[in-house]
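Engineer: next comes the sequence, and after it the predicted model I'd like to discuss.
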Amino acid sequence: MSLRELPKVELHCHLDGALRPATILELARERGVKLPAGNVEALRPFVQVHGPCALSECLAVFERIYPLLKDDAALERVAYELVEDSAGDNIRHLEVRFAPALNAAPGFSTDDAVLAVLRGLERGRKEFGVTSGVLVCLLLGHGNDENRAAFDTLKRFWRPSNGVARPGVVGLDLAGDASRFDARAYAPYFEEARALGIPATCHAGEVPGPATLEFALDAGARRIGHGTALDGQEKLLRRVVDAKVAIELNLTSNVRTKSVARIEDHPARRFYQAGAKVSVNTDDRGLFGIDLTHEYEEARRAGFTTDELTRISLESVDQLFLPDADRASVRARFAAPGTQGSGASFRAAEVGS
Ligand SMILES: [Zn+2]
């Protein structure tokens, strides 16, 4: 079985980092937003990152995307297209994350943003058979009003059973530039989520230093995004392994943002050999011009064997923010015929619709 055919789940995928350049162009045209180029090839250097750049430069590219994602039609479309692209990777279940405070506008609330994304995901589920859930991101650098609005939306839409029968909000994330802002100010949100039973992941260890890693572990995050800075931090890595905190790997992302010099030097396999649970993810498939199959290929370059990757793809199901019974149904779909290609190969009965 090829890595493309290998059934997969994806746990770390940013909606606003997943846009196709052609879609960016069309959304901008429809909304009268000026872009620095008028065709896809000329636009690519402005909306994609192909060489190494600082995390802050990568995040700056998003400034071109946000103005396009402030209405129902745009959010529904990009969510639907993400499901279609995920089907091309043979992804069976996807957790997609975004910060609805960035989508809010006068007359368009954080609730409206989540509803539009859920509609797009549901349309994609019906057509391509890929089930999904949403993680609501709080953002480092956002003010209290924005974070509170996003968190209240998370509370209103979260149900433990969301995700498989139909797309819904399944958890919390904290994202943003940890080289400029302190995650510790967000501890009360993680405490509140924990008290409500809402599972959390947290971007941690993407930039050097132990601070965000210590925060994520102290805050009770069940997963961490990146974890690259665990390299050489044996005590922290031991804490991650002992607490069964899963690491969401984003290999290409780490090379492009210069967290790691070369893919061959990535510490991911050392984490895995130390006993850490890991998953393979794209982070931003549109921004980096990659797909999840590419990331599995990169994982091989980082030292993982094909057998290990086959195991990792299945074990990642256990890390999904879903009840056990729903994880079992995702696992069962790993043995079912592929969803890859078009809706024609998808049998609706597989997801019980
Ligand atoms: Zn991320």
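Structural biologist: Nice, I can see it. Numbers count the residues shown, from 1 in each chain.
Engineer: and the strands in the stretch 251-353 of the chain?
Structural biologist: 278-280 (DSSP state E, counting those that start in this stretch).
Engineer: which bits of it sit near the ion?
Structural biologist: D283 (CB under 5 Å from the ion). (C-beta placed from N, C-alpha, C; glycine too.)
Engineer: residues contacting the residue of the stretch 251-353 of the chain found nearest the ion?
Structural biologist: Here the stretch 251-353 of the chain gets closest to the ion at one residue, D283, 4.6 Å apart by CB to the ion. When contacts are counted by CB atoms under 8 Å, 6 or more residues apart in numbering, D283 touches H12, C13, H14, G17, G225, N250, T252, S253.
Engineer: which of the residues you listed fall in strands?
Structural biologist: Using DSSP state E to define strands, the subset of the contacts of D283 located there is H12, C13, H14, G225.
Engineer: who are the contact partners of the closest residue in space to the third one that isn't next to it in sequence?
Structural biologist: By that I understand H14. Distances taken as CB to CB, 6 or more residues apart in numbering place D284 nearest to H14, at 5.3 Å, with adjacent residues excluded. D284 is in contact with C13, H14, G17, A18, C58, S253, counting by CB under 8 Å, 6+ apart.
Engineer: can you point me to the longest helix in this protein?
Structural biologist: If each helix of the chain is counted by residues according to DSSP state H, the longest one is helix 110-128.
Engineer: which strands and helices sit next to it?
Structural biologist: When contacts are defined as 3 or more CB pairs under 8 Å, 6 or more residues apart in numbering; DSSP states H and E, helix 110-128 packs onto helix 72-87, strand 91-98, helix 100-103, strand 131-139, helix 144-157.
Engineer: any idea which of the ones you listed gets closest to the ion?
Structural biologist: Checking the helices and strands packed on helix 110-128 against the ion by CB to the ion gives strand 91-98 as the closest, at 7.4 Å.
Engineer: buried sites along that closest one?
Structural biologist: I91, R92, H93, L94, E95, V96, R97, F98 (16 or more other CB atoms under 10 Å).
Engineer: kindly report the same for stretch 153-170.
Structural biologist: T153, L154, F157, W158, N162, G163, V164, R166, P167, G168, V169, V170.
Engineer: now the two most distant members of the buried residues of strand 91-98.
Structural biologist: R92 and F98 (21.0 Å; CB to CB).
Engineer: mind pulling up the phi and psi values for R4?
Structural biologist: phi -70, psi -40 (degrees, to the nearest 10).
Engineer: which residue packs closest to A116, ignoring adjacent ones?
Structural biologist: A116 sits nearest to L75 (CB to CB, 6+ apart), 3.8 Å away.
Engineer: what's the separation between the residue nearest to H14 and L292?
Structural biologist: According to CB to CB, to the nearest Å, D284 stands 12 Å off from L292.
Engineer: residues contacting the closest residue to C13 other than its chain neighbours?
Structural biologist: By the measure of CB to CB, 6+ apart, the closest residue to C13 outside its immediate chain neighbours is V96, 5.2 Å from it. Counting by CB under 8 Å, 6+ apart, V96 touches C13, H14, L15, A18, A79, L82, V117, L121, S132, G133, V134, L135.
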